[in-house]
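**Q** no sequence on this one, just coordinates:
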């Protein structure tokens, strides 16, 4: 296994890790030799979920400080749609694919696999899409 894998996380993975400390999403962020990325747009989405679900914001702030590198999405929605629209079935997820590409991620981790055209992402960007549990299995097998 390479010394440090680059992993881009969908917002749902972050939120899940904040809700439960016994699930795969939480275990994901305990891994060494993995560098985690999220987009700046995901931060807004996660903060809304934290408020709606009445979660404590401190753990997320700590994740941002110590575990996550933030990728700024500077292109307009129209530009993102034109470039990455063919990689998603839910257009609201184009910033996730854009962030994964910009960060040069090896993996894109999400619970919403059906929102993405996995084969096309793998073929065009060499990014493998997995759930947190499948990624943990991958790490254990290597």
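**A** Done, it's in. Since the model is a prediction, treat every value here as computed from it, not as a measurement.
**Q** count of neighbours near residue 80?
**A** Counted by other C-beta atoms under 10 Å, the residues lying close to residue 80 total 19. To be clear about C-beta, it is placed using only N, CA and C from the backbone, and glycine gets the same treatment.
**Q** so what's it up against?
**A** For residue 80, the contact set (C-beta atoms under 8 Å, 6 or more residues apart in numbering) comprises 73, 94-95, 98.
**Q** if you set the cut-off to 7 Å instead, what comes out?
**A** Counting by C-beta atoms under 7 Å, 6 or more residues apart in numbering, residue 80 touches 94-95, 98.
**Q** ok, and the closest non-adjacent residue to residue 12?
**A** Excluding the flanking residues, the one nearest residue 12 by C-beta to C-beta, 6 or more residues apart in numbering is residue 111, at 4.8 Å.
**Q** what's the helix or strand for that neighbour?
**A** Applying DSSP states H and E as the criterion places residue 111 outside every helix and strand.
**Q** reformat the contacts of residue 80 as JSON lines; add distance to residue 32.
**A** Below are those laid out as JSON lines (distance: C-beta to C-beta, whole Å):
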{"residue": "94", "distance to residue 32": "31"}
{"residue": "95", "distance to residue 32": "28"}
{"residue": "98", "distance to residue 32": "27"}
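**Q** out of those, which comes closest to residue 64?
**A** residue 95 (16.9 Å; C-beta to C-beta).
**Q** where do the helices sit along this structure?
**A** In the chain, the segments counted as helices under DSSP state H are 11-19, 24-28, 40-52, 58-66, 77-84, 94-102, 118-125, 132-141.
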